[in-house]
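> Generate coordinates for the sequence data below:
(chains A and B)
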2 protein chains.
Amino acid sequence: MKIAYIVFDGITWLDMFGVYDAITRLKSGKYIPDIEWEFCCFSTPVKDLYGLEMVPWKKANTLNNYNAIIVPGGHGTRKLIQDENFLNWIRTAENVEYKISICTGSLILGAAGFLKSKRATTNYLEYETLKPFCGEVVRERIVEDGNIITAGAVAASLDLGLYLCEKWASHEAVKEIQKKMNYH
Amino acid sequence: MKIAYIVFDGITWLDMFGVYDAITRLKSGKYIPDIEWEFCCFSTPVKDLYGLEMVPWKKANTLNNYNAIIVPGGHGTRKLIQDENFLNWIRTAENVEYKISICTGSLILGAAGFLKSKRATTNYLEYETLKPFCGEVVRERIVEDGNIITAGAVAASLDLGLYLCEKWASHEAVKEIQKKMNYH
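Presented below is the predicted three-dimensional model:
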């Protein structure tokens, strides 16, 4: 299992770190010892609204070598859903098994065409924006439709992390990870 | 209000990003428009267990110019609580009004001598380690004793963020921020 976290300028870091924390525990707890991840960007810089940047980034030419892409949200998504070069890069993930998003990350999956006739969710303030991109907007915390898993705003990232731990490892793994994360 | 996030090698990023996300919303929502923060380290690199690094860091000579220090936890704390040079740097925060920690960050506050006769908490696996550093170990999610506020493991960072929003801004602010963060 090799994951690409999609990172971009105007990201909301907590969207990524909730799911990231849970997934690191699949590795450290040896539930999936060979799970790997990279942080992939189309362009730099990769900062949040306040200038906070993370390194290293991989400027991946293509995303088709991963088993999953995870797309966080943030203010930057508003601009990116109109950027055809960026969207063409996201489209290189067409054959990636799991396409996953948090918050407004689903707008990126949608603008890339991955949500056609799919059920999906997003930040509760952006349900109307998501509508034209998907089959049905679902007002739930996590929505799975085939190989597409979308989560709601910010803190739903932690729920998503645990959801993926259960899906990819086991119920026992997720109970232990939830306890270690101290998340109710 | 000027905050120093204390960052170090072996940090658990989610310990910081839960509280960070809430506090950025005090600024973006104009509840405390002039709230500021910096990420302060004693030495570099500043990475988590998996090599993920953030920039920029400030190598601050002293911490006494801040109104609050916020100390996240992580594997790195085990080594740091025996590093007198690092602890002397933390001690430059002696006159800082708020001394705040998440997870095993309280071990650092404790080893620096800030928790003497104080009630405090930490990661539930480290209650015994915290014991000699403080007056009383309290098995709660957030513990406030005078100017010292300590939080439990990882996900308690989000609760702490909201707690500080209520303390520093208002109940109205925290209700709105909690809704935007989508945190129950």
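> What is the burial count for the residue nearest to residue A:19 when sequence neighbours are not counted?
Nearest residue to residue A:19 in three dimensions, chain neighbours excluded: residue A:161, at 4.0 Å (Cβ to Cβ, 6 or more residues apart in numbering or on different chains). Using the backbone N, CA and C atoms, a C-beta is placed for each residue, glycine as well. Residues lying near residue A:161 (other Cβ atoms under 10 Å in any protein chain shown) number 28.
> for residue A:161, phi and psi?
Backbone torsions of residue A:161, given as degrees, to the nearest 10, read phi -60, psi -50.
> Contacts only, for it.
A:18, A:19, A:20, A:21, A:22, A:23, A:181 (Cβ atoms under 8 Å, 6 or more residues apart in numbering or on different chains).
> where's the last one relative to chain B, distance?
As for residue A:181, its distance to chain B is 5 Å (criterion: Cβ to the nearest Cβ, to the nearest Å).
> what's the burial count for that residue?
22.
> just to revisit the earlier point, of the contacts of residue A:161, keep whichever come out buried.
Neighbour counting by 16 or more other Cβ atoms under 10 Å in any protein chain shown classes A:18, A:19, A:20, A:21, A:22, A:23, A:181 among these as buried.
> Which element, helix or strand, includes the third one?
Okay, so that is residue A:20. Per DSSP states H and E: residue A:20 is located in helix A:13-28.
> and for the next helix or strand along the chain from that helix, what are the contacting residues?
Sequence-wise, the next helix or strand downstream of helix A:13-28 (DSSP H and E) is strand A:36-40. Outside strand A:36-40, the residues within contact range by Cβ under 8 Å, 6+ apart are A:1-7, A:20, A:23, A:46, A:54, A:56-60, A:63, A:66, A:69, B:50, B:52.
> Next, the buried residues of the helix or strand following strand A:36-40.
Later in the chain than strand A:36-40, the nearest helix or strand by DSSP H and E is strand A:53-55. Within strand A:53-55, the residues scored as buried using 16+ other Cβ under 10 Å are A:53, A:54.
> try stretch A:122-134
So stretch A:122-134, judged by 16+ other Cβ under 10 Å, has buried residues A:122, A:123, A:126, A:129, A:130, A:133, A:134.
> now the end-to-end length of it.
This stretch, stretch A:122-134, spans 11 Å end to end (Cα to Cα, to the nearest Å).
> cool, stretch A:91-110 as well?
Stretch A:91-110 has its terminal residues 11 Å apart, counting by Cα to Cα.
> Other residues contacting the lowest-mean-pLDDT helix or strand in chain A?
Across the helices and strands of chain A, the lowest-confidence element by mean pLDDT, DSSP states H and E is strand A:53-55, at a mean of 90. Under the contact criterion Cβ under 8 Å, 6+ apart, strand A:53-55 has outside partners A:7, A:13, A:39, A:45, A:46, A:47, B:52, B:53, B:54, B:55, B:56.
> what's the neighbour count on the third one?
Applying other Cβ under 10 Å, we find 19 residues neighbouring residue A:39.
> does it have beta-bridge partners, and which?
Beta-bridge partners for residue A:39, by DSSP bridges, are residue A:5.
> Helices along chain A, start to end?
Taking DSSP state H as the criterion, chain A carries its helices at A:13-28, A:77-80, A:84-91, A:105-111, A:127-130, A:156-168, A:171-181.
> Let me have those helices in TSV, extended by distance to residue B:166 and mean pLDDT.
Shown next, in TSV, are the helices of chain A (distance: least, Cβ to Cβ, whole Å; pLDDT from 0 to 100):
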stretch	distance to residue B:166	mean pLDDT
helix A:13-28	19	97
helix A:77-80	29	97
helix A:84-91	38	98
helix A:105-111	29	98
helix A:127-130	28	97
helix A:156-168	21	97
helix A:171-181	23	95
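> which bits of chain A sit near chain B?
Counting by Cβ under 8 Å from any Cβ of the partner chain, chain A comes close to chain B at A:12-14, A:17-18, A:20-21, A:24, A:27-28, A:37, A:39, A:48-56, A:123-124, A:141, A:152-156, A:158, A:180-184.
> picking up where we left off before, tell me the most buried of the helices of chain A?
Across the helices of chain A, averaging neighbours per residue (mean count of other Cβ atoms under 10 Å in any protein chain shown) puts helix A:105-111 on top, at a mean of 28.
> Report the contact partners of residue A:92.
A:61, A:62, A:63, A:64.
> Relative to residue A:79, how far out is it?
20 Å (Cβ to Cβ, to the nearest Å).
> Same question for residue A:173.
38 Å.
> picking that back up, can you turn the buried part of the contacts of strand A:36-40 into a ChimeraX selection?
The buried residues among the contacts of strand A:36-40 can be selected in ChimeraX (16+ other Cβ under 10 Å) with this line:
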select /A:1,3,4,5,6,7,20,23,46,54,57,60,63,66,69 /B:52
